[in-house]
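Undergrad: got a sequence here, can you build the structure:
(2 chains)
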Amino acid sequence: MPSRRQILQSAAASGAALVTVPGWLAGCAKQGDIASPVANLDVLSAFGVDAALCTSLLGELGATGADAADLYFQRTRSNFLQMEDGRIAEASASIDLGVGLRAVVGDQQGYAFTEELSLDAMRGAARTAASIASGTARPGPVAFNPTQGGALYTLAVPWSQVGVDAKLPLVRKLEGYARAADPSVSKVTVTWNDSEEQVVIATLDGKLMHEVRPMTRLWCIVTATRNGQTFSNSANLAGRRGVDWFSDQNLAELAKRAVDRTMVLFDARRPPAGEMPVVLAAGASGILLHEAIGHGLEADFNRKGTSIYSDMVGKPIAADFVNIVDSGVEPNERGALSFDDEGNPTERTMLVEKGVLKGYLHDSISAKHYGVKPSGSGRRQSFRFQPMPRMRCTFMENGPHTRDEIVASVKNGIIAETFTNGQVQIGAGDYTFYIKNGWLIENGKVTAPIKDVNIIGNGPESLKRVTMAANDTQLDTGGWTCGKDGQGVPVSQGLPTVLVSSMTVGGENA
Amino acid sequence: MLDTLSQLAADGVARAKKLGANEAFVVIRRNAKTEIQRRDGKTERIVESVARSMAVQLYVDGRYSAQTTTDLRPEAIDAFLGDAIALTRALEPDPHRSITDPALFPRAQAALESDDAALAAGLSAADREAWVATMEAHARKHDNVISATANLTYERSMGACATSNGFAGTSQGTHIAPSVDVTLRDEGDKRAEDGDYAWTRFVGDLPSAASIGDNAIRMASTRLGAKKGPTLKGTMIVDPRAAGMLIGRLLGPATGNALQQGRSFWAGKLGQKVLSDKLSIVDDPLLARGLGSRPFDGEGIAAARLPIIEAGSLKNAYVDTYYGKKGGMAPTTGSASNRVVSLGDKDLAGWIAAVGNGVLVTSWLGGNADANTGDFSFGMRGHLVEKGQVGGPIGEMNVTGNFITLFAGLAGLGNDPWRYSSTLCPTLVFEGVQFSGAKA
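TA: Below you'll find the model as predicted:
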């Protein structure tokens, strides 16, 4: 149902239903038509169109009186490899090409897309989208002002020029490191993804934005068997990065992380059930922000009045050491974007400053509604979808405490370390995340490992209960995909070590 | 239209062979979809689209790859196939890869009643608008309504496949899904939210727009004033709308892949009675008008009824050609179609009265499970049940346990399967379930 948001990190250890968001597969080495290094109109030729045709299509979109309209051309080439039982068991590639056409009147949208980039198909789609409006025609733009993005993730070698022969040795090396790490390791699966997305956005007001957006992820899934028991766990490295990121050192560390997370499960138990203090380890625990506050600050929910945060801007919602940011400009992060999917430049948006709620994440529609500048948060999964306000890279800045102080302050509680997924109800504010690995804290000391517990809390209540935050903030190096209204987009998250004084832990009592 | 798709698929196989593939399996898909959404008195969104794609599985010199494209211009397809075959050649040989055994392909076209002529022709703009306007109007019948969103989405999908070892098949079907979401003002800044939906193959099988709107506001209003319930161990009654999730999770690791890879709590349990004998589940791709019905699966294996759980024991797993070969198992089918769960003798209300005290779960929030052990933990919303009566709404709680233990303790099933899912699951009742909530 559309009112529930979720973030998924698929892993072999988690449910099969959550397996990776649409396989952006594609492209072999030779099919490259990379965007030109300078901003110009030639980028349109990769889609077999030109400026005059774009003007005419935008004119078609504006013909019924739309106050905004855009064309979103996208060509994505993706590659996937999977090594299993010491062999490349699966290889796939895909090309995804198409254009989305949108007409906007106030907060109403008409949308159509076509994978066939013929004049007739695009004209038909434009007329469908324009049917949302019924007013005086607006002409298409007289001229376009081309702008190129991409500086946040320029790669030494673009993915379109990296052949499968360069990838196979890296996959094998990672598999070898994981197998060698512990004699109990019985299976290792390595999955490889790389993609290159070429985007051109042309708008009714004459913007023409273009860039190439790379993405990669290397996933190491480990299964270990000891004394008749079997456990699996995984770790991954993900970002808008190139093949050089998979250095020997990074591969060795990734393998070690996956194996360590698996081996600790043999000794792990369920914590008790009920309310208790929860320490969130630095890094991946940014999932707290994503679920407890991030979705609730997406402006579409607030302009509709459906978010629990709808009436809280300008009010204190957390301790004064709490500063929360959603940024589109963190280089090479999954959530990095030069401009959003409406062509608006991205920025570093302060959501909470010194404990006070500063504002929302805006697309063009909500920015107009609130009379503010768009925050560059209008994102879409692909040309098949209309954009809406989304998170990019969400994190909390450093706090005044240390990790040791935080752990020592807890009499009986847990530390949450790795996560598989989370979800939130926007209106009630209840949110959850699933802990795969963590630790018990007893009398201020870290004791036994724990596993497989769901945590549930209420967003505004949990923020008030953030009683300590350490000076060790970091972004998670693993990749996250955020789902909303059926659209998945890549995001990043981070957190310093944080204490939430009480949350409901899905443990088990004797 | 199907003829055009079939021709494209056959051409794809011929071209792949000509370019050097030993075997090829080509699928062409087309999906035409319409969506209209109305919120707070006006149309919020109209979307129309036609999508199509080509998916090719190639077997070249003992090597295998799978590739897809949406660029179906003839010259683009040639370049795509040429590159795809070159990529395949760069991989390693895999002795377990082979194209589907021709003995498993269908012999005749199954009659599934998947395609509604009325939907295939498309609804009129007036009909679409009437659907969402009526749903929204009924969903707004409460003083606390902040926002109500009504959506109607319908689609017609077609597929044609062709293989180099003699199979050519087609499928087509329609789906339609009306839904409403309502947000109500609750205590403080909180909002209560819920909704209702239906999902069918035929427009004529839908409940009325008014009843969906009425049900949405009824469901949402029962959430007003929700509190955190207590930490307790007790009986869990799961509403049919929520129960299908548990069946999906129970069977998630019952696949050739999970078993061969040693990542399944079903390993070593085939044929053993480990769950309550009240539980039986059949995978039935031939169900008339079934949401998951299909004439053949993704690798062309003919549709057939497949018992998965019989009186508490696992009879069959979902095994495709590749993992069957690799794990020494006979292929059944690689993926679920319709899952039909055994029924009991009373409905949800009957079970609530019979159970007396416990927790009624109406929906889930997040959570996950470990495929190796079956250990799970999920967030939930619902109501306390006291003395056979449904009490006030509760939320912000977790349910934690193990799937084998949970379904071994299945106390009963309802006679009320949820129709709007490919998992046809009734009310489920379990004993001795751990809930975590407020401090005792």
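Undergrad: from here on, contacts and neighbour counts on C-alpha atoms
TA: OK.
Undergrad: can you pull out the helices in the stretch 101-250 of chain A?
TA: Assigned helices in the stretch 101-250 of chain A, in chain order: A:119-130, A:164-180, A:248-263 (criterion: DSSP state H, counting those that start in this stretch).
Undergrad: tell me how many other residues crowd B:L206.
TA: B:L206 is surrounded by 17 other residues when neighbours are defined as other C-alpha atoms under 10 Å in any protein chain shown.
Undergrad: show me what from the stretch 1-150 of chain B comes close to chain A.
TA: By the rule C-alpha under 8 Å from any C-alpha of the partner chain, the part of the stretch 1-150 of chain B lying against chain A is B:43-52, B:64-72, B:83-84, B:87-88, B:90-92, B:94, B:146-147.
Undergrad: check contacts around the residue lying closest to A:A319 once chain neighbours are set aside.
TA: Closest residue in space to A:A319, ignoring its immediate chain neighbours: A:G355 at 5.1 Å, by C-alpha to C-alpha, 6 or more residues apart in numbering or on different chains. By C-alpha atoms under 8 Å, 6 or more residues apart in numbering or on different chains, A:G355 lies in contact with A:316-323.
Undergrad: go again using 6 Å as the cut-off
TA: Contact criterion C-alpha atoms under 6 Å, 6 or more residues apart in numbering or on different chains gives A:316-320, A:322 as the residues in contact with A:G355.
Undergrad: just the residues you listed now: which is nearest chain B?
TA: Distance from chain B was checked for each of the contacts of A:G355 by C-alpha to the nearest C-alpha. The minimum falls on A:I317, at 12.3 Å.
Undergrad: in the stretch 251-400 of chain A, which spans are helices?
TA: A:287-289, A:299-303, A:364-370.
Undergrad: ok, and does the shortest one reach over to chain B?
TA: No. Contact between helix A:287-289 and chain B, assessed by C-alpha under 6 Å from any C-alpha of the partner chain, is absent, since the two come no nearer than 12.5 Å.
Undergrad: avg pLDDT for that helix?
TA: Regarding helix A:287-289, the rounded mean pLDDT is 96.
Undergrad: against which helices or strands is the helix or strand where B:A130 lies packed?
TA: Under DSSP states H and E, the secondary-structure element containing B:A130 is helix B:125-139. For helix B:125-139, the contact count by 3 or more C-alpha pairs under 6 Å, 6 or more residues apart in numbering or on different chains; DSSP states H and E identifies helix B:209-221 as packing neighbours.
Undergrad: give me the buried positions along the helix it packs on.
TA: B:209-210, B:212-221 (16 or more other C-alpha atoms under 10 Å in any protein chain shown).
Undergrad: ditto for stretch A:439-451
TA: Neighbour count says stretch A:439-451 has A:439-442, A:444-446, A:448-451 buried, by 16+ other C-alpha under 10 Å.
Undergrad: just the terminal-to-terminal distance for that stretch.
TA: For stretch A:439-451, the separation between the terminal residues is 8 Å (C-alpha to C-alpha, to the nearest Å).
Undergrad: what do you get for stretch A:313-326?
TA: Between the opening and closing residues of stretch A:313-326 lies a distance of 16 Å (C-alpha to C-alpha).
Undergrad: ok, which of the helices of the stretch 101-250 of chain A comes nearest B:T332?
TA: Shortest separation from B:T332 across the helices of the stretch 101-250 of chain A is recorded for helix A:164-180, at 30.6 Å, computed as C-alpha to C-alpha.
Undergrad: what's next to the helix or strand of chain B with the lowest mean pLDDT, contact-wise?
TA: Taking all helices and strands of chain B together, the one with the lowest average confidence (mean pLDDT, DSSP states H and E) is helix B:74-89, at a mean of 91. Taking contacts as C-alpha under 6 Å, 6+ apart, the residues outside helix B:74-89 that touch it are B:64-65.
Undergrad: B:T400 against B:S377, yeah?
TA: Yes. Between B:T400 and B:S377 a contact is recorded at 4.2 Å, counting by C-alpha atoms under 6 Å.
Undergrad: nearest to chain A within the stretch 101-250 of chain B, name that residue for me.
TA: Ranking the residues of the stretch 101-250 of chain B by distance to chain A (C-alpha to the nearest C-alpha) places B:R191 first, at 4.4 Å.
Undergrad: against B:A438, how distant is that residue?
TA: Taking C-alpha to C-alpha as the criterion, B:R191 is separated from B:A438 by 21 Å.
Undergrad: so which of the two has more stuff around it?
TA: Neighbour count, other C-alpha under 10 Å: between B:R191 and B:A438, B:R191 has more, with 28 against 20.
Undergrad: phi, psi for the residue lying closest to the residue of the stretch 101-250 of chain B closest to chain A once chain neighbours are set aside please.
TA: Excluding the flanking residues, the one nearest B:R191 by C-alpha to C-alpha, 6+ apart is A:G427, at 4.4 Å. Note on A:G427: its backbone torsions stand at phi -80, psi -50 [degrees, to the nearest 10].
Undergrad: again with the one 3 residues further on
TA: For A:D430, the backbone dihedrals are phi -70, psi 140 (criterion: degrees, to the nearest 10).
Undergrad: send the alpha carbons of the helix or strand that comes right after the least confident helix or strand of chain B over as CSV?
TA: Under the assignment DSSP H and E, the closest C-terminal helix or strand after helix B:74-89 is helix B:117-121. Output of helix B:117-121 as CSV, limited to C-alpha atoms (Å, rounded to 0.1, in the frame of the first residue of the first chain):
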residue,chain,number,x,y,z
ALA,B,117,-12.2,-8.8,-23.0
ALA,B,118,-13.6,-5.7,-21.3
LEU,B,119,-10.2,-4.8,-19.9
ALA,B,120,-8.4,-5.7,-23.0
ALA,B,121,-10.6,-3.1,-24.8
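Undergrad: list the buried residues for helix B:117-121?
TA: So helix B:117-121, judged by 16+ other C-alpha under 10 Å, has buried residues B:119-120.
Undergrad: what's across from A:S492 in the sheet?
TA: With DSSP bridges as the criterion, the beta-bridge partners of A:S492 are A:C393.
Undergrad: hmm, A:N332 and it touching each other?
TA: No. The criterion here is C-alpha under 6 Å, and A:S492 misses it with A:N332 at 10.2 Å.
Undergrad: pull the contacting residues for A:A238.
TA: Residues near A:A238 by C-alpha under 6 Å, 6+ apart: A:216-217, A:478-479.
Undergrad: how about the nearest residue to it, chain neighbours excluded?
TA: According to C-alpha to C-alpha, 6+ apart, the nearest residue to A:A238 is A:R217 (4.2 Å).
Undergrad: who in chain A is up against chain B?
TA: Checking chain A against chain B by C-alpha under 6 Å from any C-alpha, the hits are A:13-14, A:16, A:91-97, A:108-113, A:231, A:273-275, A:308, A:422-423, A:427-428, A:432, A:434, A:453-454, A:456, A:506.
Undergrad: related to what we said a few turns ago, buried set for the helix holding B:A130?
TA: Neighbour-count burial for helix B:125-139 flags B:128-129, B:131-139 (criterion: 16+ other C-alpha under 10 Å).
Undergrad: could you export the residues you listed as CSV, including pLDDT?
TA: CSV is the format used below for those (pLDDT from 0 to 100):
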residue, pLDDT
B:R128, 96
B:E129, 97
B:W131, 98
B:V132, 98
B:A133, 98
B:T134, 98
B:M135, 98
B:E136, 98
B:A137, 98
B:H138, 98
B:A139, 98
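Undergrad: so what's the residue count around residue 320?
TA: All of this is about chain A. A:D320 has 13 neighbouring residues, counting by other C-alpha under 10 Å.
Undergrad: not what I meant, chain B
TA: One way to gauge burial is a neighbour count; for B:D320, by other C-alpha under 10 Å, it gives 24.
Undergrad: quick check: it vs chain A, distance?
TA: Here the criterion is C-alpha to the nearest C-alpha, to the nearest Å. By it, B:D320 lies 14 Å from chain A.
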